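A.B. asks: From the sequence below, what's the structure:
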Amino acid sequence: MRWGLASGRSESHGRDRSRRDHRMVDLVMSRQSGSYAFVEFDDTERRRLVMQGSATWSFEREFLEWTGLKAGDRVADVACGPGVISRLMAEYVGDEGFVTGIDISDELLKIAETIKRENSAFEQGSVYDLSDHRQQYDFVYVRLLFQHLERPLDAMSQIFSILKPGGKICVLDSDESVFGIFPPHEDLSFLIRETQALQAQRGGDRFVGGKLGYLMRASGFEQVAPRIFVMTPENMGRDTFLDVVLKFRPQLFPAEFRKEATERMQAIYDHALKHMTYGHNGSFVVKAVRPSPGPATREKA
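C.D. replies: Alright, predicted model coming up:
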C-alpha cells in the first residue's frame, strides 16, 4: 500500500572511482563511533552519505576550479556533513590555506573530526546564523543544502555576509526536473513524486537548483553564472548512480511508512540493476562573487 502524497565518462573509469570511494567510506566508518541522530540514519545510510561526498569529487573539484578556488584560500564548507569534501578541499588549498566546516549536526561533525587535516577545523552552527564568521572567507562552498531549507533567502544572505569583499561562492544543489531511469519501474514516478512532496512538506524543495541564481542575486551577489551537472551510470558507475539517486528516499517517509518505502525503493533499485539502459540526475552548479566596494563606498567608509 502506497503512502499517497502525490497523484561522458567510461564505465571502467566509474569502476575505478567506485573502488577509491569505498576506501574513503571504510576510512570514515572504521574511525567513527555513535549514530547519526539528526534524522535517525543507520550505518547503511551513513555510508551512503560518505560515499556521496567522495563519489563526485573529481567533478566537484572542476566546479571549484571554475569558480576560482586556489591554493592559500580560506574556505568555508557550509553544511559540511561528515567532512569528506572539507578534507579534499583542505588538500587542494594546501598548507597555506584553511578550511572551516560548519554543520548543524553534532553527530556528523564527530565523523568529520576523525578525518580532518591539520589545515581544517569544524564548528557546529546554523546557516541561519553565521554572525561569528563575518567577512572571514575568500571562498564558500555549499553543496546539497538549499533543497532542505524553509528560508533559503535568509540562508543565502547569511552566506553572503561571511565572504570577504571579492570573495567567491559555489553552490551545488538538486533539480529533479532533470531526472530519469530508463526503462522505468512501474512504481518509480510515484515514489519520486511522493518524496518530492514529503520534502516540500518539511519546507524543502527538490527543484531548488534552478532558483539558486535568483537567491544569489537577491542577496547581493554579482557575476552569477550557472552550469548543469548531470550524473549518469556511465560517469558515476551504475551502483553509485543508483545509490545516490534512490537510497535516501525512504528516510523522507514517516517512521511508520519507512519499511514499506524501503521495500518499494529496493524493488525499483533491483529492477534498474537488471534492466537500466540509461539514467540521468541533474543538479545546478552556480558561482558568484561578493562585490568589492566601489570608490564612493570606500570614501564613505
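A.B. asks: Touching the helix or strand harbouring I102 from outside, list them.
C.D. replies: Secondary structure from DSSP states H and E places I102 in strand 98-103. Contacting residues not belonging to strand 98-103 are listed as 74-81, 83, 86, 89-90, 93, 109, 112, 116-117, 119-125, 127, 130, 133, 136-137 [Cβ atoms under 8 Å, 6 or more residues apart in numbering]. For every residue, glycine as well, the C-beta is placed using N, CA and C.
A.B. asks: After it, which helix or strand is next? Please name it.
C.D. replies: Per DSSP H and E, the first helix or strand lying C-terminal to strand 98-103 is helix 106-115.
A.B. asks: which helices and strands sit right next to that next one?
C.D. replies: Identification of packing neighbours for helix 106-115 by 3 or more Cβ pairs under 8 Å, 6 or more residues apart in numbering; DSSP states H and E yields helix 11-31, helix 43-55, helix 84-93, strand 98-103, strand 120-124.
A.B. asks: The residue lying closest to R134 once chain neighbours are set aside and Q201: what is the separation?
C.D. replies: In space, R134 comes closest to S161 once its chain neighbours are excluded; the distance is 5.6 Å by Cβ to Cβ, 6 or more residues apart in numbering. Distance, S161 to Q201, by Cβ to Cβ, to the nearest Å: 30 Å.
A.B. asks: and what of K287?
C.D. replies: Relative to Q201, and taking Cβ to Cβ, K287 is found at 31 Å.
A.B. asks: before we move on, what about R61?
C.D. replies: In terms of Cβ to Cβ, R61 sits 35 Å off from Q201.
A.B. asks: where's the spatially closest residue to G210 that is not a sequence neighbour, which helix or strand?
C.D. replies: The shortest distance from G210 to any non-neighbouring residue, by Cβ to Cβ, 6+ apart, is to D175 (5.1 Å). Under the criterion of DSSP H and E, D175 resides in strand 163-182.
A.B. asks: L109 versus S120, what's the distance?
C.D. replies: Distance from S120 to L109, by Cβ to Cβ: 12 Å.
A.B. asks: Same question for F257.
C.D. replies: In terms of Cβ to Cβ, F257 sits 30 Å off from L109.
A.B. asks: Among the two, which residue is more densely surrounded?
C.D. replies: Relative neighbour count places L109 above the other of F257 and L109, with 21 against 17, counting by other Cβ atoms under 10 Å.
A.B. asks: Would you mind confirming that the more buried one is in contact with A121?
C.D. replies: No - counting by Cβ atoms under 8 Å, L109 stays clear of A121, with 10.4 Å between them.
A.B. asks: Which residue ranges of the stretch 201-301 of the chain form strands?
C.D. replies: Under the criterion DSSP state E, counting those that start in this stretch, the stretch 201-301 of the chain contains strands at 222-231, 278-289.
A.B. asks: Tabulate these (JSON lines), appending distance to D205.
C.D. replies: Formatted as JSON lines, the strands of the stretch 201-301 of the chain follow (distance: least, Cβ to Cβ, whole Å):
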{"stretch": "strand 222-231", "distance to D205": "16"}
{"stretch": "strand 278-289", "distance to D205": "12"}
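A.B. asks: Columns distance to A155, mean neighbour count and mean pLDDT on top of the ones you listed, output as CSV?
C.D. replies: Shown next, in CSV, are the strands of the stretch 201-301 of the chain (distance: least, Cβ to Cβ, whole Å; neighbours: other Cβ atoms under 10 Å; pLDDT from 0 to 100):
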stretch, distance to A155, mean neighbour count, mean pLDDT
strand 222-231, 16, 15, 98
strand 278-289, 14, 21, 99
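A.B. asks: To F248, which of the ones you listed lies closest?
C.D. replies: Closest approach to F248 among those (Cβ to Cβ): strand 278-289, 11.9 Å.
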